[in-house]
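J.: quick check, what structure comes out for this input:
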Amino acid sequence: MLYNESRGTNKSMNTKLEQIIHNGEGLTVEFKRCKDELPSSVYETVSSFSNRYGGHILLGVEDDGKIVGVNKKAVAQMKKDFANLLNNPQKFAPTLFISLEEAELNGKAILWCYVPPNSQVVMLGGKIFDRAEDCDMDITRNSEMVSQIHRRKAADYSERKIFPYAKDEDFDFARLLPKIRRLAANRIPDHSWLSMSDEEIIKSAGLYQESRELGSTGYNLAAILLFGKDDVIRSCTANYITDAICRRDNLDRYDDRLMVSTNLIDAYEQLIDFISKHTLDRFHIINGQSVSVRASIARELVSNILVHRDYTSAYPAKIIIERERIMTENWSLPKTPGKIDPDNFAPFPKNPLLANFFINIGRADVLGSGVRNLYKFTKIYSGGEPELSDGDVFKTVVPFKLLDTEMQMSNKVSNKMSNKVSNKMSDKVSNKISDNNYREKIITYLSTNGEASAADIASVINRSSKTARRTLSQLVAENIIIPIGANRNRKYKLRD
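T.: Predicted structure coming up:
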């Protein structure tokens, strides 16, 4: 099946932008007239929005709402400059991962972005900005206003809680940080983390901080959840667990279950593998490339349940796979309770530090994109739509009816074949099924880890190097993966 994703924002997004412009500038909206380059005041607004309630920035719009547009030839450079400066630890602390989006209004190009509130006080060049009405204020020397920001954020975001007695030996940095660098490089080849020391990465991500109000310094809960050893995680947040259940055949109990309470980096991979184990994949051509739709849906579900949850609650997060759907639940801190409309909702990050970290390593998208992706890929997969509702418990339901039908058909075919074919033919069928399982494991592994050698793949599928090379050759022939390097050092990765 072919699917072509239209460029630019869709009609509903344009309507939303037009409404924002109509309502004018204010506490959460800022217009900037910039034709060819970004003014420094854009970054002051990013900082002030991060420190207050978040907000929308629209470039190519006058203060009075008149749309003047930006130079289309300068768009690419402006987007690059914006992303680079926000991800520069010498400018922003903590670094931010926000991208400019393109839109066309009244025949003119504009750039826009949504800046989410941050759980940590964001500093720009050593200065602290706050938002008042439609102005960005430098409050660096106003100790009372700075203290107010710290108190407000400490009350709203548990991920910022500092554990001053947590030491380096409580973390699995030696194993996990090299993986983090590889994932970040797969996301952005010249990612700034590649040139940073381990300590610089941790600090730039806001995982080691100082509380001016309490006078404590150390690793925070976000750092412990991302890199902590299992016993340390349990001691700091005893309620953290993700319960993955498969109830396809046994609806009273379960057919399979996985209780995950390890660091979020490993937990992501374990939960992705669990979904892959119990669901069939479907590949579609999107913008000329073969894409695993199942992997795309699983990515959104797993990243959401790990990042956007309240880790102070005893309510366990759940992933439940049933015959006709996948459902997730996690305790939430709702800002706008009710059913979520992908075309008209204001995204609010429950844990901005965790969200920003997952974005940097390619396991999540810019805030708000995940919901739209989930709607898009579910429509491709099953023809249905997911249901998302926010409340004390955040719930997501993704219909998988077509997947269940395919499994029933596959079982019927397998039963007929097992009754009619000889033992020799049964062996061939078994080998074919095994090949398909190997393919899924390889694609899932590459989507998570970026690239791997034939020896790595042999270890992943627990088969000989010959079997691994044969399956890799098939995937290369089908244009799903591409080889990199010469024979001796050859590796493989998914086609971009």
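J.: which residues does stretch 69-76 contact?
T.: Cys34, Lys35, Asp36, Glu37, Leu59, Gly60, Met78, Glu102, Lys108, Ala109, Ile110, Leu111 (C-beta atoms under 8 Å, 6 or more residues apart in numbering). Yep, even glycine has a C-beta here, placed from its N, CA and C like the rest.
J.: these: which two are farthest apart?
T.: Spatial extent of these (C-beta to C-beta) is set by the pair Glu37 and Lys108 at 17.1 Å.
J.: lowest average confidence, helix or strand, in the protein?
T.: Lowest on mean pLDDT, DSSP states H and E among the helices and strands of the chain sits strand 2-3, with a mean of 35.
J.: which parts of the stretch 101-250 of the chain are strands?
T.: Per DSSP state E, counting those that start in this stretch, the stretch 101-250 of the chain carries strands over the ranges 101-105, 108-115, 123-124, 127-132, 135-138, 162-163, 208-211, 216-220, 242-246.
J.: what's in contact with the fourth one?
T.: To tie it back to what came earlier, the one meant is strand 127-132. The contact list for strand 127-132 (C-beta under 8 Å, 6+ apart) reads 27-28, 44-45, 47-49, 51-53, 55, 121-122, 136-140, 145-146, 149.
J.: chain neighbours aside, what residue packs nearest to Ala364?
T.: Using C-beta to C-beta, 6 or more residues apart in numbering and skipping residues adjacent in sequence, the residue nearest Ala364 is Phe358, 3.8 Å away.
J.: turn the contacts of stretch 69-76 into CSV, including distance to Asp190, neighbour count and pLDDT.
T.: Putting those into CSV (distance: C-beta to C-beta, whole Å; neighbours: other C-beta atoms under 10 Å; pLDDT from 0 to 100) gives the following:
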residue, distance to Asp190, neighbour count, pLDDT
Cys34, 25, 18, 89
Lys35, 27, 12, 89
Asp36, 24, 10, 90
Glu37, 21, 12, 91
Leu59, 24, 25, 95
Gly60, 28, 23, 94
Met78, 18, 21, 93
Glu102, 22, 16, 91
Lys108, 32, 14, 92
Ala109, 26, 19, 92
Ile110, 27, 26, 94
Leu111, 22, 25, 94
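J.: could you export those as a markdown table, including distance to Lys203?
T.: Listed next are the contacts of stretch 69-76 as a markdown table, based on distance: C-beta to C-beta, whole Å:
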| residue | distance to Lys203 |
| --- | --- |
| Cys34 | 31 |
| Lys35 | 36 |
| Asp36 | 34 |
| Glu37 | 30 |
| Leu59 | 30 |
| Gly60 | 35 |
| Met78 | 28 |
| Glu102 | 33 |
| Lys108 | 41 |
| Ala109 | 37 |
| Ile110 | 35 |
| Leu111 | 30 |
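J.: export stretch 24-33 to PDB, keeping only CA atoms.
T.: Extracted C-alpha coordinates of stretch 24-33, given in PDB (Å, rounded to 0.1, in the frame of the first residue of the first chain):
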ATOM      1  CA  GLY A  24      -3.200  38.400  19.000                       C
ATOM      2  CA  GLU A  25       0.000  38.400  21.200                       C
ATOM      3  CA  GLY A  26      -0.200  37.700  24.900                       C
ATOM      4  CA  LEU A  27       1.200  35.600  27.700                       C
ATOM      5  CA  THR A  28       1.500  32.500  25.500                       C
ATOM      6  CA  VAL A  29       1.700  33.900  22.000                       C
ATOM      7  CA  GLU A  30       4.600  35.900  20.300                       C
ATOM      8  CA  PHE A  31       4.900  37.300  16.800                       C
ATOM      9  CA  LYS A  32       8.200  38.100  15.200                       C
ATOM     10  CA  ARG A  33       8.800  40.000  11.900                       C
END
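J.: how about the most centrally placed residue in the chain, secondary structure?
T.: Centroid-nearest residue in the chain: Ala364, 0.9 Å away (criterion: C-alpha atoms, centre = their mean). Under DSSP: H, G, I helix; E, B strand; the rest coil, the three-state class of Ala364 is coil.
J.: what of Tyr381?
T.: Tyr381 - assigned by three-state DSSP - is helix.
J.: how close does it sit to Asp281?
T.: From Tyr381 across to Asp281, the span is 10 Å (C-beta to C-beta, to the nearest Å).
J.: repeat that for Pro352.
T.: Distance of Pro352 to Asp281, computed by C-beta to C-beta: 32 Å.
J.: of these two, who's got more company?
T.: Pro352 (28 against 17; other C-beta atoms under 10 Å).
J.: show the contacting residues for that one.
T.: Per C-beta under 8 Å, 6+ apart, neighbours of Pro352: Pro116, Pro117, Asn118, Ser119, Gln120, Tyr157, Glu159.
J.: how about 10 Å then?
T.: Residues in contact with Pro352 (C-beta atoms under 10 Å, 6 or more residues apart in numbering) are 50, 54, 94, 96, 116-120, 122, 153, 156-157, 159-160, 206, 222, 307, 367.
J.: give me the buried entries from the residues you listed.
T.: By neighbour count, with 16 or more other C-beta atoms under 10 Å, the contacts of Pro352 hold 50, 54, 94, 96, 116-120, 122, 153, 157, 159-160, 206, 222, 307, 367 as buried.
J.: those in helices, which ones?
T.: Members of the buried ones among the contacts of Pro352 lying in helices (criterion: DSSP state H): Ser50, Lys153, Ala222, Val307.
J.: and the first one, what does it touch?
T.: Residues in contact with Ser50, defined by C-beta under 10 Å, 6+ apart, are 86, 92, 94, 96, 98, 115-124, 129-131, 352.
J.: follow-up on the earlier one: tell me the one of the contacts of stretch 69-76 nearest Arg490?
T.: Taking C-beta to C-beta as the measure, Arg490 sits nearest to Glu102 out of these, at 37.6 Å.
J.: so how far is Arg131 from that closest one?
T.: Distance of Glu102 to Arg131, given as C-beta to C-beta: 25 Å.
J.: cool, and His22?
T.: With distances taken as C-beta to C-beta, His22 is found 21 Å from Arg131.
J.: kindly report the same for Asp230.
T.: Between Asp230 and Arg131 the distance is 40 Å, computed by C-beta to C-beta.
J.: between the two, who's got more neighbours?
T.: More crowded of Asp230 and Arg131, by other C-beta under 10 Å: Arg131, with 23 against 12.
J.: for the more buried one, give its distance to Asp243.
T.: 40 Å.
J.: and for Ser465?
T.: 37 Å.
J.: what do you get for Arg309?
T.: 13 Å.
J.: what of Met327?
T.: The gap separating Met327 from Asp243 is 12 Å, by C-beta to C-beta.
J.: likewise Arg234?
T.: To Asp243, Arg234 is 16 Å away according to C-beta to C-beta.
J.: pLDDT weak spots in the stretch 1-150 of the chain?
T.: Within the stretch 1-150 of the chain, the segments meeting pLDDT under 70 span 1-11.
J.: recalculate using a threshold of 50.
T.: Across the stretch 1-150 of the chain, residues meeting the criterion (pLDDT under 50) sit at 1-9.
J.: buried ones in stretch 189-197?
T.: Neighbour counts over stretch 189-197 (16+ other C-beta under 10 Å) mark His191, Ser192, Trp193, Met196 as buried.
J.: residues contacting Val122?
T.: Val122 neighbours (C-beta under 10 Å, 6+ apart): 46-51, 86, 92-96, 115, 128-129, 149, 153, 206, 352.
J.: grab the nearest non-local neighbour of it.
T.: Counting by C-beta to C-beta, 6+ apart, the nearest residue to Val122 once its immediate chain neighbours are dropped is Ser50, at 4.0 Å.
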